[in-house]
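# my questions concern the predicted model and sequence given below.
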Amino acid sequence: MCGIIGYVGNRPAVPLLLEGLQRLQYRGYDSAGLAVLAENGDLCVEKSVGKLAALASGLRGRWPTSRLGIGHTRWATHGRPSDINAHPHRDCQGRVVVIHNGIVENYLALKERLVDQGHTFVSETDTEVIPHLIEHYLQDGTSLELAVGRAIGQMEGAHAMVVFSVGEPDKLVAARVGNAGGVVVGYGQGEMFVASDLPALLPHTRQVAFLTDGEIAAVTSQSVSYLSVDGAVLAKEAQTVSYDPLSAARGNYKHFMLKEIAEQPEAILDSIRGRARFEPPAVVLEDMAIPKRRLSQIRRVVLVGMGTSLHAAMVGRHYIEQIARIPAVVDNASEFRYRKPLLDADTLVVSVGQSGETVDSLAAMDEARRQGALQITICNVVGSQATRIADGVVYTRCGLEVGVASTKTFTAAIAALYLLACYLAQERGVIEDEEHLRSLIDPLARMPSLVGQVTQGDEEYERLAHRFSRYNNFLYLARGVQFPIAMEGALKLKEVSYIHAEGYPAGEMKHGPIALIDEEMPVVAIALRDELYDKMTSNIEQVKAREGTVIAIASEGDKELAKKLDHIIHLPQASPLLMPILAAIPLQFFAYHIAVRRGFDVDQPRNLAKTVTVE
Ligand code: F6R
């Protein structure tokens, strides 16, 4: 969850590290810290609780020139956010310095042992055992990278870390164990970078190498060598990534979240571009090197994800069943991984995630691999761990998402799942004839402009949000393929506005939640003109009969519903299966405007992180 950056080269390190941390702040933001090696050989460490700005202003004008250093932005696991608990952490002599992402699960036992050996600790963190372990192994005169490998050998859990030592003043050592977030090495001219993910490196280089589980990189300004945690030399090549760093600029938008909501027409376009072929109709998925024979073998699909991505997976389940005609279930990855699931070579596991580094989703994928299941991942981050485990990838291709609350990656993931379902139908011979395939693919062509039409309604959504910003509880109801959108609407409101909200299948309302309904609990109902419309309108009547206030997301031209309700948002008509993409958008705006009205930091909501690498 934490952000990690390291630099070694010929330029002043501090501004580069601060700039890198700025780009990584979305990963964690309760405290931040830097460590650099001054030109006179001194180790200088500065840490500060709070957001990065606190650290940067504390440093102004009083930082030594240096060409090597590391920086960290933290999401606390062990030890509350404080100056002392912030990373980097040091050994007893102040010669080894470490930044870390993950949890040292056996840190109490290690700490006890190290204290018995005479080591002294200053923080409440698990991370602090790492520099002391490395200090211990360096006593033998071993190199830093081998000492890091030996320290890792003692540590349980998953880790991503960067280390340097005063004793080897031109070297950074980075390591990755398990799924505690990525480690990427960036190759420059006479300089090298390491970071927890790409955004921090993109302004400087597109030549990168990703560490996989159990790999260590020893990085100097001129070279990098790779080894396994047990010291074996590894061959590893850099690759070129094609992300556009400019897409991360906020432009004229007040917040990244607002920008990313507004970017959805392009996000959907980018996600279908070149894949949905209209004449003759076809679906082409470029990162799907799975033989037709293997796809034909699939008897069951299991979709997994967490949070917003789980909601996209829930929509995807409808697509897999209705379009590809394969029995499908959906599961929360953190439950799935411990459920002792029964999988086999005839099962396709589809993992959905924007970061491709969510620990629970990766663990679910590891389980799927162990049982020989076929795997496809839907992901936004090129080269992330999920994309390396899966047999096939459908990238959402919607550029960096900086706002911690996912918006454009959600709707783009739904579009990608729709394409995947069409692709499976096509490759498995479920498609009856060309007209059948055309009827599935043609509706995609209108989606970018329909999404654009819905985003144009921003002022209306803002007015509605202001009218409802004083309420402290909301219920979101929907049915069928729209039910996951009710869940997502409620999640967005919770995340950025800190308002209690629940998403329910409307049919479930009578089985309990109806007891909560009164004039203080607005109900957001997605009631589109689809096959479940009559059922939804009955549920709306039931709410109204109990003095409930209803905000409806309805189909364009639905005058009947408009007569009954004071608050209604109309959506243009798309193919019913693609309507979830449209319905999600007003709910994203609604949560955004309420949060802004309440004065909250929408891009970095409290307690959240963009990449969740701890359980
Ligand atoms: C919510 C949000 C989270 C993530 C979840 C999984 O706005 O972003 O719920 O969806 O943490 O992360 P990924 O999608 O990276 O697997």
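Structure's in. What do you need?

# next, count neighbours for residue 366.
For residue 366, the count of nearby residues is 15 (other CB atoms under 10 Å). Every residue, glycine included, has its C-beta placed from N, CA and C.

# quick check: closest non-adjacent residue to it.
Of all residues not flanking residue 366 in the chain, residue 389 sits nearest, at 7.2 Å (CB to CB, 6 or more residues apart in numbering).

# thinking the one you found is in contact with residue 370, fair?
No: contact criterion CB atoms under 8 Å: residue 389 and residue 370 do not qualify, at 11.2 Å.

# mind listing what the residue of the stretch 151-300 of the chain found nearest the ligand touches?
The ligand sits closest to residue 257 of the stretch 151-300 of the chain, with a gap of 9.6 Å, by CB to the nearest ligand atom. Residue 257 makes contacts with 403, 405, 407, 496, 588, 592, 602, 603, as judged by CB atoms under 8 Å, 6 or more residues apart in numbering.

# that one in helix, strand or coil?
helix (DSSP: H, G, I helix; E, B strand; the rest coil).

# and it, how far from residue 182?
Applying CB to CB, to the nearest Å, the value for residue 257 to residue 182 is 23 Å.

# do the same with residue 599
34 Å.

# tell me which of these two has more neighbours.
Using other CB under 10 Å as the criterion, residue 599 and residue 182 rank with residue 182 on top: 26 against 6.

# and the more buried one, what pLDDT?
We have a pLDDT of 82 for residue 182.

# wait, a strand at it?
No: using three-state DSSP, the secondary structure at residue 182 is coil, not a strand.

# check contacts around it.
So residue 182 contacts 160, 176, 196, 197, 210, 211, 357, 384, 385 (CB under 8 Å, 6+ apart).

# residue 488 versus that one, what's the distance?
Distance, residue 182 to residue 488, using CB to CB: 26 Å.

# ok, back up a step: which of the contacts of residue 257 has the largest number of neighbours?
Neighbour count (other CB under 10 Å) singles out residue 407 as the most crowded of the contacts of residue 257, with 31 neighbours.

# residue 327: how many residues sit nearby?
By the criterion of other CB under 10 Å, residue 327 has 12 neighbours.

# hmm, I was thinking of residue 337
Around residue 337 there are 22 other residues, counting by other CB under 10 Å.

# start to end distance for stretch 557-567?
In stretch 557-567, first residue to last residue: 15 Å (CA to CA, to the nearest Å).

# return the distance of it from the chain's centre.
Its chain's average C-alpha position is 37 Å from that of stretch 557-567, according to CA atoms, centre = their mean, to the nearest Å.

# just stretch 99-109 next, same as before
Averaging C-alpha positions (CA atoms, centre = their mean) puts stretch 99-109 22 Å from its chain's average.

# thought residue 420 was touching residue 378?
Yes: with contacts counted by CB under 8 Å, residue 420 reaches residue 378, the gap being 7.2 Å.

# so what sits against both of those two?
Joint contacts of residue 420 and residue 378 (CB under 8 Å, 6+ apart) are 316, 350, 394.

# PyMOL command to pick out the buried ones of those?
This is the PyMOL syntax for the buried subset of the shared contacts of residue 420 and residue 378, where burial follows 16 or more other CB atoms under 10 Å:
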select buried, resi 316+350+394
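
# inside strands: which ones of the shared contacts of residue 420 and residue 378?
Mapping the shared contacts of residue 420 and residue 378 onto strands (DSSP state E) picks out 350, 394.

# now distance to residue 216 too, for the shared contacts of residue 420 and residue 378, in CSV please.
Shown next, in CSV, are the shared contacts of residue 420 and residue 378 (distance: CB to CB, whole Å):
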residue, distance to residue 216
316, 37
350, 32
394, 32
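
# between the shared contacts of residue 420 and residue 378, which sits nearest residue 458?
Nearest to residue 458, judged by CB to CB, of the shared contacts of residue 420 and residue 378 is residue 316 at 27.6 Å.

# once you drop chain neighbours, what's closest to the closest one?
Nearest to residue 316 is residue 417, by CB to CB, 6+ apart, at 3.5 Å.

# for the one you found, what are its contacts?
Contact analysis of residue 417 by CB under 8 Å, 6+ apart lists 312, 313, 315, 316, 319, 320, 350, 352, 378, 394.

# heading C-terminal from the helix or strand encompassing it, find the next helix or strand.
Following DSSP states H and E, one finds residue 417 within helix 408-427. Per DSSP H and E, the first helix or strand lying C-terminal to helix 408-427 is helix 434-455.

# check contacts around residue 437.
Residue 437 makes contact with 281, 282, 422, 425, 426, 431, according to CB under 8 Å, 6+ apart.

# report pLDDT for the fifth one.
Per-residue confidence (pLDDT) for residue 426: 97.

# just want the residue of the stretch 301-450 of the chain that's nearest the ligand.
Closest point on the stretch 301-450 of the chain to the ligand, by CB to the nearest ligand atom, is residue 307, at 1.9 Å.

# that residue and residue 491 touch, don't they?
Yes: counting by CB under 8 Å, residue 307 touches residue 491, with 6.8 Å between them.

# phi and psi next, for residue 147.
phi -70, psi -40 (degrees, to the nearest 10).

# and for it, nearest residue in space, chain neighbours not counted?
Spatial nearest neighbour of residue 147, chain neighbours left out: residue 137 (3.8 Å); criterion: CB to CB, 6+ apart.

# where's that neighbour, which helix or strand?
Going by DSSP H and E, residue 137 is in helix 129-138.
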